[in-house]
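Asks: All I have is the shape, not the residue letters:
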Ligand code: SF4
């Protein structure tokens, strides 16, 4: 099973070497089941944290891969929600030591209200959280959460994390036809979270949902005026030469070289 993959050309992070701490051969383990997820349906919808991959295996694989590839950042992402991995904090520390690179985590933010999750995430240099809905109804419709997850707690968790975290906290808002008319409300919530940056995205990777057009996303961006906001259509792509983990890249529906960003 491949834990380390890429680097991929990420529109937000440059050449991003992925670490998959969840490592499912098929399907994914997540606290949400977003309608736009490129991995398809969540096969295990859970909020229970556990160890999926031992930290020593991450260190071993990363050490080998670092001899072969050039990357700008190591990013914890992959086949599910990284904060479900109980050894996330430890794995981030090890990845930092082994790679000497900044560490990023892509999270759906749903467990950020938990102190142990915030403590683990605090080991990273960059954390990218998620906010796609203005209220519980749309949250249920788009993100289809585990029954223990609520939007209000998710937002509360992000606010707490923002106050405590010394690194860069970005907020991604994924826009699809189902939430495109709520961008003003989502922007208002984003303002209360006070992220360093807002990343306005739409699913350009293979997805069951149609992406919004550059014009539609351009209109949405206007609602984030005054915030440090960037859109996926405006982003530059970093050039990637050599990659590892081809099976995982295929599973994640990631291109093997430049093209579409993270
Ligand atoms: S949070 Fe991410 S991995 Fe989980 S269902 Fe949503 S898009 Fe997929």
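Replies: Perfect, thanks for sending it. All values derive from a computational prediction rather than experimental measurement.

Asks: Which residue ranges of the chain form strands?
Replies: 4-10, 14-20, 29-30, 44-45, 73-77, 103-106, 126-130, 168-174, 197-201, 229-231 (DSSP state E).

Asks: Adding mean pLDDT, distance to residue 238 and mean neighbour count, write these out as TSV.
Replies: All C-beta atoms are positioned from the backbone trio N, CA, C, and that covers glycine. TSV is the format used below for the strands of the chain (pLDDT from 0 to 100; distance: least, CB to CB, whole Å; neighbours: other CB atoms under 10 Å):
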stretch	mean pLDDT	distance to residue 238	mean neighbour count
strand 4-10	94	5	27
strand 14-20	96	4	26
strand 29-30	98	27	25
strand 44-45	98	33	16
strand 73-77	97	10	26
strand 103-106	98	14	24
strand 126-130	98	15	24
strand 168-174	98	17	22
strand 197-201	97	16	22
strand 229-231	94	15	19
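
Asks: Among those, which comes closest to the ligand?
Replies: strand 29-30 (3.4 Å; CB to the nearest ligand atom).

Asks: Without its sequence neighbours, what residue ends up closest to residue 54?
Replies: residue 87 (7.5 Å; CB to CB, 6 or more residues apart in numbering).

Asks: do the same with residue 151
Replies: residue 139 (4.1 Å).

Asks: What separation do you get for the one you found and the ligand?
Replies: With distances taken as CB to the nearest ligand atom, to the nearest Å, residue 139 is found 12 Å from the ligand.

Asks: wait, isn't that residue in contact with residue 130?
Replies: No. Contact criterion CB atoms under 8 Å: residue 139 and residue 130 do not qualify, at 10.8 Å.

Asks: about what we covered before: how about the strands of the chain in TSV, adding distance to the ligand?
Replies: Formatted as TSV, those follow (distance: least, CB to the nearest ligand atom, whole Å):
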stretch	distance to the ligand
strand 4-10	15
strand 14-20	11
strand 29-30	3
strand 44-45	9
strand 73-77	8
strand 103-106	8
strand 126-130	6
strand 168-174	8
strand 197-201	11
strand 229-231	18
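
Asks: Those residues of this structure touching the ligand, which are they?
Replies: Counting by CB under 6 Å from any ligand atom, the residues of the chain close to the ligand are 28, 30, 32, 33, 34, 37, 39, 42, 80, 81, 108.

Asks: any idea which helix is longest in this protein?
Replies: What stands out as the longest helix in the chain, according to DSSP state H, is helix 151-164.

Asks: Quick one: list the elements packing against that one.
Replies: In terms of contacts (3 or more CB pairs under 8 Å, 6 or more residues apart in numbering; DSSP states H and E), helix 151-164 is packed against helix 115-121, strand 126-130, helix 136-142, strand 168-174, helix 183-193.

Asks: So what touches it?
Replies: 109-114, 117-118, 121-122, 127, 129, 131, 133, 135-136, 139, 169, 171, 189, 192-195 (CB atoms under 8 Å, 6 or more residues apart in numbering).

Asks: ok, the most centrally placed residue in the chain - contacts?
Replies: With distances taken as CA atoms, centre = their mean, residue 106 lies nearest the centre of the chain, 2.5 Å away. Counting by CB under 8 Å, 6+ apart, residue 106 touches 75, 76, 77, 82, 128, 172, 262.

Asks: Any idea what it is bridged to?
Replies: On the basis of DSSP bridges, residue 106 is bridged to residue 128.

Asks: before we move on, what about residue 4?
Replies: residue 19.

Asks: Go ahead and confirm it touches residue 18.
Replies: Yes. Shown here, residue 4 and residue 18 form a contact pair, counting by CB under 8 Å, at 6.9 Å.

Asks: got any residues that touch both of those two?
Replies: residue 245.

Asks: So which residue of this structure lies furthest out from the middle?
Replies: residue 67 (25.6 Å).

Asks: what's the pLDDT at that one?
Replies: Note for residue 67: predicted pLDDT of 95.

Asks: how far away is it from residue 2?
Replies: 16 Å (CB to CB, to the nearest Å).

Asks: check contacts around residue 61.
Replies: 2, 3, 4.
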